[in-house]
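Q: The sequence and its predicted three-dimensional model are supplied below.
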Amino acid sequence: MTVRLDYTNAYLTAVTGIVRQVTSVDDRPALMLDQSCFYPTSGGQPHDTGKLAGQRVIDVRVDDDGHVLHMLDALPASLEPGTTVTGEIDWPRRYDHMQQHSGQHLLSAVFADRLGAETVSVHFGQEISAVELDTPRLTSEEIAQAEQAVNERIWENRPIRVYMVSDAEAAELPLRRAPAVTGQIRIVEIEQLDYSACGGTHVRRTGEIGLVKLVGVENIRGRVRVSFFCGRRALNDYVRKSRLAAEIGALFSTDAEEAPALITRLQGENKQLQRDLAAAGERLAAQEAAALYAQAPRINTASGTESGTEGSTEGGSVKMVAHLLDSTPPAGLTALARQLQALPGVVALLAGVYQEKVTAIFARSDDVTLDAGALLRRSLQEFGGGGGGRPDFAQGGGVAADDAAALIAFAREQAEKELSQP
Ligand SMILES: [Zn+2]
């Protein structure tokens with residue numbers, strides 16, 4: 001088995017070792033040394049990276065026999081067992097993991113001691129870490145208290161010691177959980193506060209954790225998952241959020257503290273404006289409908305309509321409103337179609353182009369015999385679009401803006417043909 005220098009000194013950044021084996025793991029060249037300070041993924045803590053024998057170390061694993069395997073991005077030339085090599089770990093990455101891991105021990109101790117919430121699993125991610133607590137829920141006050149308490153323990157700057165004990169000695173310690181190993185057991189102690197069986201790398205004193213910020217609480221599977229940042233990650237989060245608060249404040253030309261009240265006020269104003277706009281839109285649609293109706297030609301029809309009949313004994317007539325509207329949103333088009341539909345003896349064939357998109361609405365008055373839904377489907381299909389609706393009101397789109405005028409002309413021709421047939 002590999003001598004684990006990281007077990008006795010988490011601050012050792014470089015190693016000189018003798019190559020014991022040159023092998024491969026997952027098609028990657030891998031080196032096994034007599035000793036190493038590279039931490040292999042285990043106990044939830046992610047592996048170190050760095051350089052070994054001039055190559056990049058991309059993964060570090062430990063096998064069941066305690067051999068540490070350093071996976072490299074490429075195999076150095078002529079490397080044989082017995083060769084002495086040197087390596088160096090990526091210290092910022094390792095120190096970050098130490099801050100997260102020691103912070104987690106302290107956080108788990110605080111949750112257990114103050115709230116009786118034991119940690120059942122731990123996750124150290126690239127961005128965020130989390131503990132899953134054996135409790136159905138925690139109030140926001142309890143979360144806030146735990147955050148205060150854990151940071152007070154940090155300021156106490158308690159020593160964190162790592163030592164080995166026998167099974168019998170371990171049985172005498174107030175361990176958080178029964179150790180997963182037997183024989184010699186590695187204990188990480190936060191002085192008189194927490195005793196955990198752990199193989200991870202830890203900072204020397206709680207002060208080095210720097211800061212613990214709880215950033216998320218989720219209820220899952222009847223437990224509570226708390227996400228947190230420690231050390232530099234907590235600082236980076238603070239920097240990010242300060243910048244965000246400043247940006248929000250600048251958008252409203254105020255302090256960030258004033259922004260929530262301002263946003264609430266603006267939301268209320270926005271709702272009122274929308275109501276006013278809708279009312280104005282209705283009035284505009286009524287005027288437009290009246291103007292279009294007045295300009296529209298009267299088309300003779302084979303069958304009479306209740307109000308379109310003018311001096312004809314057999315046939316009747318309708319007002320044919322076939323119109324293309326520029327920069328009219330679909331809601332405006334709908335309002336206009338509804339207004340026209342409410343007038344007697346009207347066929348309304350409308351298309352609007354809004355933000356490059358075409359909306360077509362075909363509608364007719366109750367007293368006109370024409371299937372507007374069928375006409376709309378047929379017309380849009382002709383130009384590669386689609387839509388549908390009832391015989392008196394139908395809507396669709398999907399045709400090119402350049403084809404909108406032709407679409408209306410086509411639909412009008414079809415409608416006139418249909419209406420003239422007895
Ligand atoms: Zn641990």
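A: Okay, I see it.

Q: residue ranges for the helices of this protein, please.
A: With helices called from DSSP state H, the chain shows them at 5-8, 91-115, 140-155, 167-172, 231-251, 259-295, 330-342, 372-382, 404-420.

Q: Is it possible to get JSON lines of these that adds mean neighbour count?
A: In this view, the C-beta of every residue, glycine as well, is placed from N, C-alpha and C. Converted to JSON lines, the helices of the chain look like this (neighbours: other Cβ atoms under 10 Å):
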{"stretch": "helix 5-8", "mean neighbour count": "16"}
{"stretch": "helix 91-115", "mean neighbour count": "21"}
{"stretch": "helix 140-155", "mean neighbour count": "16"}
{"stretch": "helix 167-172", "mean neighbour count": "12"}
{"stretch": "helix 231-251", "mean neighbour count": "14"}
{"stretch": "helix 259-295", "mean neighbour count": "12"}
{"stretch": "helix 330-342", "mean neighbour count": "20"}
{"stretch": "helix 372-382", "mean neighbour count": "21"}
{"stretch": "helix 404-420", "mean neighbour count": "18"}
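
Q: quick one, which of those is nearest to the ion?
A: Distance to the ion, taken as Cβ to the ion, is lowest for helix 91-115 among the helices of the chain, at 5.6 Å.

Q: what sits up against stretch 342-350?
A: With Cβ atoms under 8 Å, 6 or more residues apart in numbering as the test, stretch 342-350 has contacts from 289, 293, 296, 299, 305-308, 316-325, 333, 336-337, 340-341, 360-365, 367-368, 370, 372, 375, 408, 411-412, 415, 419.

Q: Restricting the selection to alpha carbons, write that stretch to PDB.
A: Only the C-alpha atoms of stretch 342-350 are listed here, as PDB (Å, rounded to 0.1, in the frame of the first residue of the first chain):
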ATOM      1  CA  ALA A 342     -70.400  42.300 -34.100                       C
ATOM      2  CA  LEU A 343     -71.600  44.500 -37.000                       C
ATOM      3  CA  PRO A 344     -74.300  43.200 -39.300                       C
ATOM      4  CA  GLY A 345     -73.400  41.400 -42.600                       C
ATOM      5  CA  VAL A 346     -69.700  41.400 -42.400                       C
ATOM      6  CA  VAL A 347     -66.900  39.100 -43.600                       C
ATOM      7  CA  ALA A 348     -63.600  40.100 -42.000                       C
ATOM      8  CA  LEU A 349     -60.400  38.700 -43.500                       C
ATOM      9  CA  LEU A 350     -57.600  40.200 -41.500                       C
END
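
Q: That one: which residues count as buried?
A: Within stretch 342-350, the residues scored as buried using 16 or more other Cβ atoms under 10 Å are 343, 345, 346, 347, 348, 349, 350.

Q: residue contacts, the residue of the stretch 51-200 of the chain found nearest the ion?
A: Ranking the residues of the stretch 51-200 of the chain by distance to the ion (Cβ to the ion) places residue 198 first, at 3.3 Å. Residue 198 makes contacts with 43, 105, 186, 187, 188, as judged by Cβ under 8 Å, 6+ apart.

Q: same thing but at 10 Å, please
A: Neighbour list for residue 198: 42-45, 101-102, 104-105, 162, 176-177, 179-180, 185-189 [criterion: Cβ atoms under 10 Å, 6 or more residues apart in numbering].

Q: same check, this time on residue 101
A: Residue 101 neighbours (Cβ under 10 Å, 6+ apart): 10, 43-46, 122, 124, 129, 188, 198, 200-203, 209, 230.

Q: Up against the ion, what does this protein have?
A: Within the chain, the positions adjacent to the ion are 198, 200 by Cβ under 5 Å from the ion.

Q: Domain ranges for the chain, per the record?
A: Per automatic domain parsing, the structural domains of the chain span 3-89, 95-249, 285-420.

Q: will you turn these into JSON lines that also has mean pLDDT?
A: Output for those, formatted as JSON lines (pLDDT from 0 to 100):
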{"stretch": "domain 3-89", "mean pLDDT": "95"}
{"stretch": "domain 95-249", "mean pLDDT": "95"}
{"stretch": "domain 285-420", "mean pLDDT": "89"}
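
Q: Just flag the most distant two among the buried residues of stretch 342-350.
A: The largest separation in those, counting by Cβ to Cβ, is between 345 and 350 at 16.7 Å.

Q: thinking again about what came up before, any chance of a markdown table for the domains of the chain, columns distance to residue 273?
A: Listed next are the domains of the chain as a markdown table, based on distance: least, Cβ to Cβ, whole Å:
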| stretch | distance to residue 273 |
| --- | --- |
| domain 3-89 | 51 |
| domain 95-249 | 22 |
| domain 285-420 | 15 |
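
Q: wait, which of those is closest to residue 274?
A: Comparison of the domains of the chain against residue 274 by Cβ to Cβ identifies domain 285-420 as nearest, at 10.8 Å.

Q: of the contacts of residue 198, buried ones?
A: For the contacts of residue 198, buried by 16+ other Cβ under 10 Å: 43-45, 101-102, 104-105, 162, 176, 179, 185-189.

Q: so residue 368 touches residue 318, yeah?
A: Yes. With contact defined as Cβ atoms under 10 Å, residue 368 reaches residue 318; the gap is 5.5 Å.

Q: what number of residues lie near the nearest residue to residue 155 once chain neighbours are set aside?
A: Spatial nearest neighbour of residue 155, chain neighbours left out: residue 207 (7.2 Å); criterion: Cβ to Cβ, 6 or more residues apart in numbering. Residue 207 has 15 neighbours, counted by other Cβ atoms under 10 Å.

Q: So residue 207 is in contact with residue 152, correct?
A: No. With contacts counted by Cβ under 10 Å, residue 207 stays clear of residue 152, the gap being 11.8 Å.

Q: Report how many residues lie close to the residue nearest to residue 262 when sequence neighbours are not counted.
A: With Cβ to Cβ, 6+ apart as the criterion, residue 262 has its nearest non-adjacent residue at 5.0 Å, and that residue is residue 252. As a burial measure, residue 252 scores 15 neighbours (other Cβ under 10 Å).

Q: Thank you kindly, that will do.
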